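Undergrad: make a model of this:
(one chain, ligands or ions: 1)
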Amino acid sequence: MGLSKTIWSNPAEFLRTVRPENPVIFFSPAVLQAAARRFLDGFPGLVTYAVKTNPSEVVIENLAAAGICGFDVASPNEIRLIRRLVPDAALHFNNPVRSRAEIAQAVELGVQSWSVDSASELEKLIEMVPAEGCEISVRFKLPVAGAAYNFGAKFGATVELAVQLLKRVAAAGFIPSLTFHPGTQCTDPHAWEAYIRAAAEIGTEAGVRVARLNVGGGFPNHRLQAVLPQIEETFALIDRVVSEAFGVHRPALVCEPGRALCGDAFSHAAKVKAVRDGGHVFLNDGVYGALAELPLVGVIDRIEVADGEGRRRDSALSSRIVFGPTCDSVDRLPGELMLAEDIAEGDYLVIHGMGAYSIATNTRFNGFGELTIATVLSLRL
Ligand SMILES: *Cc1c(COP(=O)(O)O)cnc(C)c1O
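TA: Model (predicted):
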């Protein structure tokens, strides 16, 4: 009996050795830590991680090892997860609607930063949370384009309401801050500009000096071959516009990326169960599994086809309809995918950039979706 091998060179080595029947997600700690360093080095403020994006313990542990020491959490379970893995981390409870039981547990677990977007939820916090040293950030929204998926439909106060809320936060003795989320996979840096300028106006209008400004997540990961995320440009723009808009009262900055930290550190492999009568491709994972986000945010074109030996198929591309394994007809990847034309039963479809909203949203519907995480040195097939 030899040592079991737990770190693989690359996805191909795993595929040819294990020949997995279930879907696999390949994880590169080096890529994750490099993404964390890119934010820590480039962002002009505190970098926190939005835990919901991918709450795998290996993700939290590697981010902490790289120097991430703040986390955006949305539930008592996420709070306990971070308390267990990174005991000293700052916890930002930035889900603006919480039950009283959730608030009580979060107070107990030492949360000192909260966000709100309504008067009713703010009154709950004022009633239940000791104000001393505690921050409440008012979350506001603007009708701004640029993201793949708009978060403003659910959360965020109008600018007018945000002014009232910010005044109330300050009057109640909490540290008054502002926060926004420009929408996820936001490839247009200028979306941040409008928000930052509005934040300065909210502060002025309320007559409150904004202690911190949280510029959200929304930073993109690499989904389309032709579109490389311009994260440094966005950092520079944020830095410049905050100084212009707030002048000498520049607030400290916070960001809470999810996707941009973990997205590119994972690649997903689904096995081709069948090429039905030479046409449609059926995979062993789909929109009820780790590929849940593709119909919402748009398909990723960083796709390769490997044969059963893990060798990349390099033939010409042809367009295919691709289905997942469940019996539900919506279990289909959006549109048609350009895949190597000699794709065959027993091959693997490898999709890169799959670390965000994949492991976390797998439903196991119809008994499918048993996902293995395999650690690799390199994500190159
Ligand atoms: C989901 C979420 C994030 C992370 O968003 P990404 O687009 O993945 O960066 C950040 N902040 C809040 C409040 C969120 O709900």
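Undergrad: show me what from the stretch 201-350 of the chain comes close to the ligand.
TA: Contact residues (C-beta under 6 Å from any ligand atom) of the stretch 201-350 of the chain with the ligand: 216-219, 256-260. The way it works is simple: take the backbone N, C-alpha and C, and place the C-beta from them, glycine included.
Undergrad: how many neighbours does the residue nearest to E201 when sequence neighbours are not counted have?
TA: Among residues not flanking E201 along the chain, V159 sits closest, at 7.1 Å (C-beta to C-beta, 6 or more residues apart in numbering). Residues contacting V159 under the criterion other C-beta atoms under 10 Å number 15.
Undergrad: V159 touches V138, doesn't it?
TA: No. In this structure, V159 is not within contact of V138 by C-beta atoms under 8 Å, at 10.4 Å.
Undergrad: and Y195, which of the three is it?
TA: Under DSSP: H, G, I helix; E, B strand; the rest coil, Y195 falls in the helix class.
Undergrad: that one - how many residues pack around it?
TA: The burial count for Y195: 25, using other C-beta under 10 Å.
Undergrad: now swap in the one 5 residues further on and tell me
TA: The criterion is other C-beta under 10 Å. On that basis, A200 has 21 neighbouring residues.
Undergrad: related to what we said a few turns ago, any residues in contact with both of V159 and V138?
TA: Counting by C-beta atoms under 8 Å, 6 or more residues apart in numbering, the common neighbours of V159 and V138 are I202.
Undergrad: ranges for the strands of the stretch 1-150 of the chain?
TA: 7-8, 24-27, 46-50, 70-73, 90-93, 113-116, 135-139 (DSSP state E, counting those that start in this stretch).
Undergrad: need those strands in JSON lines with distance to the ligand, mean pLDDT and mean neighbour count, can you?
TA: Shown next, in JSON lines, are those (distance: least, C-beta to the nearest ligand atom, whole Å; pLDDT from 0 to 100; neighbours: other C-beta atoms under 10 Å):
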{"stretch": "strand 7-8", "distance to the ligand": "27", "mean pLDDT": "95", "mean neighbour count": "14"}
{"stretch": "strand 24-27", "distance to the ligand": "17", "mean pLDDT": "98", "mean neighbour count": "25"}
{"stretch": "strand 46-50", "distance to the ligand": "3", "mean pLDDT": "98", "mean neighbour count": "26"}
{"stretch": "strand 70-73", "distance to the ligand": "5", "mean pLDDT": "98", "mean neighbour count": "26"}
{"stretch": "strand 90-93", "distance to the ligand": "8", "mean pLDDT": "98", "mean neighbour count": "24"}
{"stretch": "strand 113-116", "distance to the ligand": "7", "mean pLDDT": "98", "mean neighbour count": "26"}
{"stretch": "strand 135-139", "distance to the ligand": "8", "mean pLDDT": "98", "mean neighbour count": "26"}
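Undergrad: which one, of those, ends up nearest to T187?
TA: strand 46-50 (17.9 Å; C-beta to C-beta).
Undergrad: which SS class is the residue of the stretch 151-300 of the chain found nearest the ligand?
TA: With C-beta to the nearest ligand atom as the measure, G217 is the residue of the stretch 151-300 of the chain nearest to the ligand, at 2.3 Å. Assigned by three-state DSSP, the conformation of G217 is coil.
Undergrad: can you tell me the average pLDDT over stretch 203-219?
TA: Stretch 203-219 shows a mean pLDDT of 98.
Undergrad: quick one: buried residues of that stretch?
TA: 203, 206, 208, 210-219 (16 or more other C-beta atoms under 10 Å).
Undergrad: could you find the closest non-adjacent residue to P23?
TA: D285 (3.8 Å).
Undergrad: hang on, the earlier thing: what sits against the residue nearest to E201?
TA: 140, 142, 198, 201-202.
Undergrad: in CSV, list the residues you listed along with neighbour count.
TA: As requested, the contacts of V159 are exported to CSV (neighbours: other C-beta atoms under 10 Å):
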residue, neighbour count
F140, 25
L142, 16
A198, 19
E201, 13
I202, 23
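Undergrad: tell me how far the residue nearest to R223 when sequence neighbours are not counted lies from H268.
TA: Leaving aside its sequence neighbours, R223 sits nearest to I300 (C-beta to C-beta, 6+ apart; 4.6 Å). Look at I300 and H268: by C-beta to C-beta, to the nearest Å, they are 9 Å apart.
Undergrad: over to V210?
TA: Counting by C-beta to C-beta, the gap from V210 to H268 is 40 Å.
Undergrad: A36: what's it in contact with?
TA: 47, 62-63, 66-68, 261.
Undergrad: do the same with I196
TA: 213, 215, 238, 241-242, 245.
Undergrad: pLDDT weak spots in the stretch 51-200 of the chain?
TA: Scanning the stretch 51-200 of the chain with the threshold set as pLDDT under 70 gives 149-152.
Undergrad: what about stretch 367-381, how long is it end to end?
TA: 28 Å (C-alpha to C-alpha, to the nearest Å).
Undergrad: make that stretch 319-328, sorry
TA: First-to-last residue span, stretch 319-328, C-alpha to C-alpha: 22 Å.
Undergrad: I'd say D188 and Y195 touch.
TA: No. Under the criterion of C-beta under 8 Å, D188 is not in contact with Y195, lying 11.9 Å apart.
Undergrad: all helices for the chain, in order.
TA: 11-18, 29-42, 57-66, 76-85, 100-108, 119-128, 159-171, 190-206, 231-246, 259-262, 294-297 (DSSP state H).
Undergrad: need the winner for burial among these.
TA: For the helices of the chain, the largest average neighbour count (mean count of other C-beta atoms under 10 Å) is found in helix 259-262, namely a mean of 29.
Undergrad: just the CA trace of it, in PDB.
TA: The C-alpha coordinates for helix 259-262 follow below in PDB (Å, rounded to 0.1, in the frame of the first residue of the first chain):
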ATOM      1  CA  ARG A 259     -16.200  35.700  -7.900                       C
ATOM      2  CA  ALA A 260     -13.000  37.600  -8.600                       C
ATOM      3  CA  LEU A 261     -11.100  35.800  -5.800                       C
ATOM      4  CA  CYS A 262     -12.200  32.200  -6.300                       C
END
